[in-house]
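[1] what would the 3D arrangement of this be:
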Amino acid sequence: MHSIMLKAKLHRAEVTHSVLDYEGSCAIDGEWLDLAGIREYEQIQIYNIDNGERFTTYAIRAEEGSKMISVNGAAAHKADVGHRVIVCAFAHYSEAELAQHKPRMLYFTPGNALSHTSHAIPVQVA
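    Here you go, the predicted model:
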C-alpha cells in the first residue's frame, strides 16, 4: 500500500508576478525549490489565502535569489500580485518509506523573506 503525503510546503509566500500571457505553470525562486525538494515540472497545488482559490499546476525554476512566485497562464486569473499563497507538493510513499518521511516546509514573512524551515507542523490546540 502507498500513502499520498505532504512532501513540501511553501507557507505564506507572496505572489510577485501574475502573467496571463505565458505558457503556464508557476515560477518559484530556484533556491526555494532546492530547499523544499520540489523538482522543476513537478505537480504542485496552490492555495490562495486571500481569495480562497485552490488550483493545480507545475513548478518551473525562477532565478535563484529572486524571491519570485510567478503565477502564469490561466492560473493568473486565480492569484494577483501581493496575494499570499501556500504551495504544496505531495508524493506517494510506501509503508517502509513512511517510517522516515518528514516533509520539508519553508515559512515566509511579508516581502518573501524566508523566516524558518521545519519538518513538522505544530500541533493545533483549542
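[2] list the buried residues of stretch 59-68.
    Under the neighbour-count criterion of 16 or more other CB atoms under 10 Å, stretch 59-68 has 59, 60, 61, 62, 66, 67, 68 buried. (C-beta placed from N, C-alpha, C; glycine too.)
[3] so which of those sit within strands?
    Of those, the ones assigned to strands by DSSP state E are 59, 60, 61, 62.
[4] mind putting the residues you listed into JSON lines with pLDDT and distance to residue 76?
    As requested, these are exported to JSON lines (pLDDT from 0 to 100; distance: CB to CB, whole Å):
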{"residue": "59", "pLDDT": "98", "distance to residue 76": "16"}
{"residue": "60", "pLDDT": "97", "distance to residue 76": "14"}
{"residue": "61", "pLDDT": "97", "distance to residue 76": "18"}
{"residue": "62", "pLDDT": "97", "distance to residue 76": "15"}
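[5] tell me which two in those residues are the farthest apart.
    Distance extremes for these: the farthest pair is 59 and 62 at 9.4 Å, using CB to CB.
[6] which neighbours do these two have in common?
    Jointly contacting residue 59 and residue 62 under the rule CB atoms under 8 Å, 6 or more residues apart in numbering are 27, 28.
[7] rewinding a little: just name the closest of the ones in strands among the buried residues of stretch 59-68 to residue 20, please.
    If you rank those by distance to residue 20 using CB to CB, residue 60 comes first, at 16.0 Å.
[8] quick revisit: and the ones in strands among the buried residues of stretch 59-68, which is closest to residue 106?
    Using CB to CB, residue 59 is the member of these that sits closest to residue 106, with 13.2 Å.
[9] okay, and the beta partners of the closest one?
    Residue 59 has the following beta-bridge partners by DSSP bridges: residue 26.
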